[in-house]
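[1] requesting a structural model of the entry that follows:
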Amino acid sequence: MGMFAYKAIDGDGLFKTGVVDADDLEGAYTDPALQGLNVLSIKKAGRVSSGFLRGFVSFRVKRSAMLEFATNLSVILRAGIPILDALGDISQTTENKYLRRAVEDIKERIESGLSFSSALNFHKRIFPDIFIRLATVGEETGRLEQSISEVAEHLQRMDDLSQMVKRALIYPVFALVTTGGALGFWVFYVLPKIMVVMKDMNIKLPLITRLMLAASDFSKSYWYLVVLAVVAFFVILAVMKRKPKTRYFIDYIKLYMPIVKLFVVNRIFAVFCEQMRILIVSGITIDRSLVIVANAVGSEVYKRILMQARDLIITGSRISDAFRRSGVFHPLVVRMVDIGESSGNLDDQFKFLSGFFYKKLADVTDKLGKMIEPILIVLVGCIFAVIIIGLLLPIYDIVTKMEK
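    So this is what the prediction gives:
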């Protein structure tokens, strides 16, 4: 399925542009989103532009908006209101225009004969995979309102997790920005003035001072190259991360970096246990659940491990044995899953594990600032020690000559 960009005029004579997902050009023209519009042109978006459009739209629909949509939908459905009326009411009160358009399109597709989950499939760039799968299960079991409620609960946990990540990064980012600002002030403003005075006095500068002077001159003359280098680094990194091998290498490094690994590993297990719990409760089989979770944990390393565990389970291995053979699962996960398999309450065990790792993640988040603080102090101290030494050495030479 690809993305097609269209230009059209609506019934009021207003010009409209947008994108639709379709298998081919004919399917794009017959898309319900274009019904009632006078289509001027429609063409398939290129690979790069499709990726950009999908990323842009999904970025514009924040998790909080999706959480509000799922919560409102579950509440309305529980009240016994038909889904078409529910979607109509929600679309009128949704502030995010991208989500509102998606909800209106879903409503139109249902009216044309599609199921709710099938209509959601046309908006994968907005709705997470677990939302679509649980909606499918809810329709099959006749418990759609319960499935949507579980989606809302899951999105709430993911939002809490996201807030933990942001809180953990506030201190390091603030420290790095302020340190960078102070360093830039020294390099671009203070050092050049001091160096001019020293050069006018015909002082023989030591090596470290000459290196600082060269760095200062280069930064002043070619500051734009520094900016371009930083931008190019992040662009190249973003492009390289599209390749599985690069993502695997980066994720592998994260798992062995001091302090960082505490945060990353606890986050992975928190997401893993939470998603396994909600998928098992919804009646999705273990092999299908592992595929979904593997794409959601955010680590290429654990994605491959989970897929290997899935292959072992399909061939007859117990879940706990498959996890144990990988060698990377937390011992508590293996033990609790083993108990869940034996007692038949695997969902309860994952619920306990999810709460356990969320608590550990919260503890790591609260302590992250204190753990990073010594590293930042040493780093900043080394940088300014080099600057001070570079400035004091020439002054020391002047004082020594004056004494002689």
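[2] which residue is nearest the middle of this protein?
    residue 298 (7.7 Å; C-alpha atoms, centre = their mean).
[3] and that one, that one's in a helix?
    No - Residue 298: not assigned to a helix; according to DSSP: H, G, I helix; E, B strand; the rest coil it is coil.
[4] list the buried residues in stretch 164-172.
    164, 168, 172 (16 or more other C-beta atoms under 10 Å). Placement of C-beta: from N, CA and C, glycine included.
[5] quick one: low-confidence residue ranges for the stretch 151-300 of the chain.
    Regions of the stretch 151-300 of the chain meeting the criterion pLDDT under 70 cover residues 195, 198-199, 201-203.
[6] the strands in it, which residues?
    With DSSP state E, counting those that start in this stretch as the criterion, the stretch 151-300 of the chain has no strands.
[7] okay, helices next: where are they in it?
    191-200, 207-221, 223-240, 244-254, 260-281, 286-294, 300-314 (DSSP state H, counting those that start in this stretch).
[8] quick one, which of those is nearest to residue 360?
    Residue 360 lies closest to helix 260-281 among the helices of the stretch 151-300 of the chain, at 4.8 Å (C-beta to C-beta).
[9] with just CA atoms, put that closest one into CSV.
    Presented in CSV, the C-alpha positions along helix 260-281 are these (Å, rounded to 0.1, in the frame of the first residue of the first chain):
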residue,chain,number,x,y,z
VAL,A,260,22.6,4.5,30.2
LYS,A,261,22.1,0.7,30.2
LEU,A,262,20.1,0.9,33.5
PHE,A,263,17.6,3.3,31.9
VAL,A,264,17.4,1.5,28.5
VAL,A,265,17.1,-2.1,29.9
ASN,A,266,14.4,-1.2,32.4
ARG,A,267,12.5,0.7,29.8
ILE,A,268,12.7,-2.3,27.3
PHE,A,269,11.4,-4.7,30.0
ALA,A,270,8.7,-2.3,31.1
VAL,A,271,7.3,-1.9,27.6
PHE,A,272,7.7,-5.7,26.9
CYS,A,273,5.8,-6.8,29.9
GLU,A,274,3.1,-4.2,29.5
GLN,A,275,2.4,-5.1,25.9
MET,A,276,2.6,-8.8,26.5
ARG,A,277,0.0,-8.4,29.3
ILE,A,278,-2.5,-6.5,27.2
LEU,A,279,-2.1,-8.7,24.2
ILE,A,280,-2.5,-11.9,26.2
VAL,A,281,-5.6,-10.5,28.0
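[10] switch to numbering from 37
    Sure thing, new numbering starts at 37, so read that last one as helix 296-317.
[11] tell me what it is packed against?
    Applying 3 or more C-beta pairs under 8 Å, 6 or more residues apart in numbering; DSSP states H and E, we find helix 296-317 packed against helix 165-177, helix 180-221, helix 280-290, helix 322-330, helix 336-350, helix 382-439.
[12] hmm, 7 Å instead?
    helix 180-221, helix 280-290, helix 322-330, helix 382-439 (3 or more C-beta pairs under 7 Å, 6 or more residues apart in numbering; DSSP states H and E).
[13] which one of the buried residues of stretch 200-208 is nearest to residue 374?
    Using C-beta to C-beta, the buried residues of stretch 200-208 come closest to residue 374 at residue 200, 28.7 Å.
[14] from residue 373, how far off is the closest one?
    Using C-beta to C-beta, to the nearest Å, residue 200 is found at 24 Å from residue 373.
[15] tell me both backbone torsions, phi and psi, for residue 352.
    Phi and psi for residue 352, reported as degrees, to the nearest 10, are phi 120, psi 0.
[16] what about it, neighbour count?
    For residue 352, the neighbour count with other C-beta atoms under 10 Å is 7.
[17] next one: residue 136
    Count around residue 136 with other C-beta under 10 Å applied: 18.
[18] which SSE is immediately downstream of the helix or strand hosting it?
    Using DSSP states H and E, residue 136 maps to helix 133-147. Past helix 133-147, further along toward the C-terminus, the next helix or strand under DSSP H and E is helix 152-156.
[19] for that following helix, what is the distance to the chain centroid?
    25 Å (C-alpha atoms, centre = their mean, to the nearest Å).
[20] swap in stretch 219-235?
    With C-alpha atoms, centre = their mean as the basis, the distance from the averaged C-alpha position of stretch 219-235 to the chain average is 41 Å.
[21] residues contacting that stretch, please?
    241, 248, 249, 251, 252, 255, 256, 419, 423, 427, 430 (C-beta atoms under 7 Å, 6 or more residues apart in numbering).
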